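*Asks:* Take a look and give me a structure for this.
(2 chains)
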Amino acid sequence: MRGPERSNSGLTLIALSIAILISVFLIVFQRGAMRDSTGAEIAVQETVAPLAQLMAIPLRRVEGVSASLSERATAIEDNKALREELAVLRERQARYDNLAYKVARYEAIIGVDTETDVPLQKIAARAIGETDGPFVRSILLNVGERDGVTIGNPVLSTQGLVGHVINVGPNSARVLRLSDLNSRIAVASARSDATAILAGDNKDQPRLAFVNQPENWRPGDRVISSGDDGALPRGLDVGVVVLDASGGLRVDLSSGDAPLDWVWVSPYQRLAPPPESGQEATP
Amino acid sequence: MTYYDMRGPTRKVLPALVAGIALAVTGALSIGGVNMFGAYFGFGCVPLLALLIWPRHANTLLSLVLVFAAGLFTDWGTGGILGQWALVFTVIWGLLRPELRGSPFSTIGLFFAWLLICGISVLLLSLSGWFVFGILPDFAALGRQIIVATLILPVVIFLRHIVSTRIGENEAWGT
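*Replies:* So this is what the prediction gives:
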């Protein structure tokens, strides 16, 4: 039986103290600093991505089994509700087709620019890692620069906007979720067009900050990206307004509680800033 | 009777290396999780298991360097606060000091050590996060991560037993 090792205990204590001090210094230097991806972070992300992708395969199967069990329990009720919804939607579809035809006619008459700034092209990606930590809510994707992804691109699931890309490696990208503490996006009410900033605070329902025209916001309003900041295109589905316990406005995210597997990166290019005054072209 | 260490230096380096690699791999896996029962169960606390079962006879300084490096690796991998997991890992390793333990953990001892690790990590993560962001952490997410890690603990101990018996005598790895 070997006895405990004590010979280098003093040296270990010194090394331990140094390691703890370095960690503390690293933490201290990040207080109030802007989040900036380093080369080391992207390199680690690139290393981790294949491993996470491998791990995601059995995990998604477990999720699938769990989801199918819970869906089976409510299948009859769901089927009935869907039939009723289908009847309503058919009527709406007919009205929508008529309206779309009318709008197209009016647009042709007055000659307005009806081009949307949401790119039609989408990059399909797999969410291979999801960090739902105490302070970070992000997703790791298996696509990167080589697939055309750039920083700032919006990421969507079938339910709605999930977040935007904050760093990109050659084969991986990290997405900041809308509920993350550092997430801020410009949104609008689809009903009233009143604008606000959707501010993540690490809760499932982010709050609406800097609310413009508070009287024009009410629970149940559909929230879309406003495109005001030029970072995201207008019209991406974000969620629905709800009230929290203190009466504050929050948003129940469309992409909130659904498991993320496949997502789409929209290769939207953010609006370029206007040229510096000295570089203006003379007419 | 005077004790003479008959074990060669490579014997001590190998368990440290294997444990360090295990910590880095679990650090990489900590970006994952599973959606079940309407909630997301992250693997964020799984690397703590590697610290709990760190070999007692692993080279001390190499262990410390690997623990610190794996902490930074986890910070970069999860995209969190740089230094946060490095601090948690080194403090926990410093509290456990595997090389100073004369005998392996008993089952009860292992359970209490795990509770201590969870408590210390919650405290350090909360303090460091509060210092940087000014808010308290999502305790529900942390709780779910601890539950997942606790459920995985028996599997990890079994895997460790297999690795230790394959690579060398089990005694040299004592928990």
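*Asks:* For A:Gln269, which non-adjacent residue is spatially closest?
*Replies:* A:Thr150 (7.6 Å; Cβ to Cβ, 6 or more residues apart in numbering or on different chains). For every residue, glycine as well, the C-beta is placed using N, CA and C.
*Asks:* How is A:Glu215 assigned, secondary-structure-wise?
*Replies:* At A:Glu215 the chain is in helix, as set by DSSP: H, G, I helix; E, B strand; the rest coil.
*Asks:* burial measure for it, as a count.
*Replies:* If you count neighbours by other Cβ atoms under 10 Å in any protein chain shown, A:Glu215 ends up with 8.
*Asks:* From chain B, how far out is A:Gly227?
*Replies:* Here the criterion is Cβ to the nearest Cβ, to the nearest Å. By it, A:Gly227 lies 26 Å from chain B.
*Asks:* Next, the closest residue to that residue other than its chain neighbours: phi, psi?
*Replies:* In this structure, A:Gly227 finds its nearest non-sequential neighbour in A:Arg234, 3.1 Å apart by Cβ to Cβ, 6+ apart. With angles defined as degrees, to the nearest 10, A:Arg234 sits at phi -80, psi 150.
*Asks:* Flag every buried residue along the top helix by length along chain B.
*Replies:* Counting by DSSP state H, the longest helix found in chain B is helix B:139-167. Buried residues in helix B:139-167, defined by neighbour count with 16 or more other Cβ atoms under 10 Å in any protein chain shown: B:141-142, B:144-146, B:148-149, B:152-153, B:156, B:160, B:164.
*Asks:* And for stretch A:185-204?
*Replies:* So stretch A:185-204, judged by 16+ other Cβ under 10 Å, has buried residues A:185-189, A:194-202.
*Asks:* and the most centrally placed residue in chain A, which of the three is it?
*Replies:* Central residue of chain A (Cα atoms, centre = their mean): A:Gly163, 1.3 Å from the mean position. On the three-state scheme (three-state DSSP), A:Gly163 is labelled strand.
*Asks:* Same check on the one 4 residues further on?
*Replies:* Going by three-state DSSP, the secondary structure assigned to A:Asn167 is strand.
*Asks:* who touches it in this structure?
*Replies:* Taking Cβ atoms under 8 Å, 6 or more residues apart in numbering or on different chains, we find A:Asn167 in contact with A:37, A:41-42, A:45, A:151, A:173-174, B:79.
*Asks:* Just to check, B:Trp85 is in contact with B:Thr78?
*Replies:* Yes: if you go by Cβ atoms under 8 Å, B:Trp85 and B:Thr78 touch, sitting 7.4 Å apart.
*Asks:* State whether A:Ser179 is indeed within a strand.
*Replies:* No: assessed with three-state DSSP, A:Ser179 is coil; it does not lie in a strand.
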